[in-house]
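J.: generate a structure from the sequence data that follows.
(one chain, ligands or ions: 2)
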Amino acid sequence: MTTITEPRGAATTVDGSIPTIPAGSPLLLLGRRADPASERGVLCPGDLPSPSDPGLPERARRARTALGDRVVVLGHHYQRDEVIRFADATGDSFKLAQFAAEAEAPHIVFCGVHFMAESASILARPDQTVILPDLAAGCSMADMAQHGQLVDAWARLERAGVATATVPLTYMNSTAAIKAFCGERGGAICTSSNAPRAMRWAFDQVRADAVAGVAPKVLFLPDQHLGRNTAVLSLGLRLDDCVVYDPWKPDGGLSDDELRAASVVLWKGHCSVHARFMPGMVTAIREELPGVEVMVHPECRYEVVREADRVGSTGQIIRWVEAAPAGARIAIATELNLVKRLAAEHPDKEVVFLDDTVCFCATMNRIDLPHLVWVLESLVAGEAVNEVRVADDVRHWSRIALERMLSLPGDDTSLVA
Ligand code: 13P
Ligand code: SF4
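T.: Ligands and ions are numbered 1, 2, ... in the order given. This is a model prediction of the structure:
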């Protein structure tokens, strides 16, 4: 099964049509329906092994060995332990994009979410296949910005007379179509590890031909929190310099004057996992664990990030925990699989989760050992299942946008300059 921007292999209804959910639904229901307008979501119809089969780890090992250098398994830090232990390389979304661009193997099994596999496919050679073990592993944030909505938003900027003074910058967590739209309009992509650098780069591009009387601006999507945190905490802009464009409101909910005055137009999107963290949790943990260092992902709200000691991507958080001295107390606000793993790997340090309640990323968790075994054994049998491939027209401009990001020097060590 191959996906070419639109999901295929989706469940069908009795009359044979593909059941859809209303466009814009943020989260696809257990992968059992298709939303052609969204980033992801199909039934995974594979012949999956039983999750209770105790032989699964051995089967994964055997298939991995049989495939040798014909496959490379990439794993995002949010993946389950049962999956990440089979990854040849692990990383944050920036590192994984680099790995994909450099991979030699004919098959890349991407243990992460759909936008990551899609980016890997855009950067890989056309003869390489990128496989996502469960095609329903989407991202609710990516689903919050749809291509048609971005077309409308850009038309809105044109009506306000500010489009020529605007460079679009999209977070990696977006569809290939959104990436292509940004690439075609001189924009680029960023991840949580290089957002400050990418936003500065974007402003530099505007200044080359800014419109007189209009503030140079960046349209940042889909994560309003990463955009705001970057603009205010790294670039030193004021909160008032940022406005929020709501794709569900007429005119985005903004007047022409508001658009003309703004430096950063933030898309109204967020991560449902990171938005759970609240500033009161930082206050509470500081009382509970004196001396604790609070590390947060930049997808958290500004009010949380402002209270933290360090702000960084998943890769940066890992490096900071590794570098902390024995006995250090560290509270982390990011996805729970990663925090639990860090706590287990550093028993000499007290690593705790910032929230009191469970906070897994539901779609990252869809990649489990049965799905991994299924795709690896299928490859051994000569079949590449669940391939993610991007249509050629989308591939062209999204690749340019991704390459602009990869050519920015290094990754930032922290969001806060
Ligand atoms: P990183 O870029 O830090 O890996 O984050 C990806 C992501 O999806 C966070 O929610
Ligand atoms: Fe998307 Fe949030 Fe999950 Fe990351 S943690 S993949 S942004 S839903």
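J.: chain center to stretch 181-195, what's the gap?
T.: Distance of stretch 181-195 from its chain centroid, counting by C-alpha atoms, centre = their mean, to the nearest Å, is 13 Å.
J.: touching ligand 2 at all, it?
T.: No: if you take C-beta under 6 Å from any ligand atom as the test, stretch 181-195 misses ligand 2, and the best it gets is 9.2 Å. For every residue, glycine as well, the C-beta is placed using N, CA and C.
J.: what comes up buried for that stretch?
T.: 181-183, 185-195 (16 or more other C-beta atoms under 10 Å).
J.: hey, C-alpha coordinates of it in CSV?
T.: Output of stretch 181-195 as CSV, limited to C-alpha atoms (Å, rounded to 0.1, in the frame of the first residue of the first chain):
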residue,chain,number,x,y,z
PHE,A,181,3.1,26.3,-0.5
CYS,A,182,5.7,27.9,1.7
GLY,A,183,8.6,26.9,-0.5
GLU,A,184,6.9,28.3,-3.6
ARG,A,185,6.5,31.7,-1.9
GLY,A,186,10.1,32.0,-0.8
GLY,A,187,9.6,30.5,2.6
ALA,A,188,11.0,27.6,4.5
ILE,A,189,10.5,25.1,7.2
CYS,A,190,11.8,24.9,10.8
THR,A,191,11.9,22.4,13.6
SER,A,192,11.9,23.0,17.3
SER,A,193,15.7,22.8,17.2
ASN,A,194,16.2,25.6,14.7
ALA,A,195,13.1,27.9,14.9
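J.: next, see if it gets close to ligand 1.
T.: Yes: legend: contact between stretch 181-195 and ligand 1 by C-beta under 6 Å from any ligand atom is shown at Thr191, Ser192.
J.: sorry, back to before: ok, the buried residues of stretch 181-195 vs ligand 2, which is closest?
T.: The closest of the buried residues of stretch 181-195 to ligand 2 turns out to be Ser192 (C-beta to the nearest ligand atom; 9.2 Å).
J.: for that closest one, which non-adjacent residue is spatially closest?
T.: For Ser192, ignoring the flanking residues on the chain, the nearest one in space by C-beta to C-beta, 6 or more residues apart in numbering is Ser313 at 3.9 Å.
J.: before we move on, what about Gln224?
T.: Closest to Gln224 by C-beta to C-beta, 6+ apart is Leu266, at 4.1 Å.
J.: my guess is that neighbour contacts Leu226. True?
T.: No: using C-beta atoms under 8 Å, Leu266 makes no contact with Leu226, being 9.1 Å away.
J.: how much space separates the nearest residue to Ala137 once chain neighbours are set aside from His76?
T.: Spatially, and ignoring its direct neighbours in sequence, Ala137 is nearest to Arg366 (4.3 Å; C-beta to C-beta, 6+ apart). From Arg366 across to His76, the span is 12 Å (C-beta to C-beta, to the nearest Å).
J.: so those two - more neighbours on which side?
T.: His76 (26 against 20; other C-beta atoms under 10 Å).
J.: now the spatially closest residue to the more buried one that is not a sequence neighbour: how far from Ala89?
T.: Closest residue to His76 apart from its sequence neighbours, by C-beta to C-beta, 6+ apart: Gly112 at 3.8 Å. Gly112 sits at a distance of 12 Å from Ala89 (criterion: C-beta to C-beta).
J.: common neighbours of these two, please.
T.: Common neighbours of Gly112 and Ala89, counting by C-beta atoms under 8 Å, 6 or more residues apart in numbering, are Leu74, Gly75, Leu96.
J.: returning to what we had before: shared neighbours of Leu266 and Leu226, which are they?
T.: With C-beta under 8 Å, 6+ apart, Leu266 and Leu226 have common neighbours Phe220.
J.: of the two, which one has the most company?
T.: Per other C-beta under 10 Å, whichever of Leu266 and Leu226 has more neighbours is Leu226, with 30 against 23.
J.: that one: which element?
T.: helix 224-229 (DSSP states H and E).
J.: can that helix be found next to ligand 1?
T.: No: for helix 224-229, no contact with ligand 1 is found by C-beta under 6 Å from any ligand atom; the gap never falls below 9.2 Å.
J.: which strands or helices does that helix pack on?
T.: helix 195-207, strand 217-221, strand 242-245, strand 264-267, helix 302-305 (3 or more C-beta pairs under 8 Å, 6 or more residues apart in numbering; DSSP states H and E).
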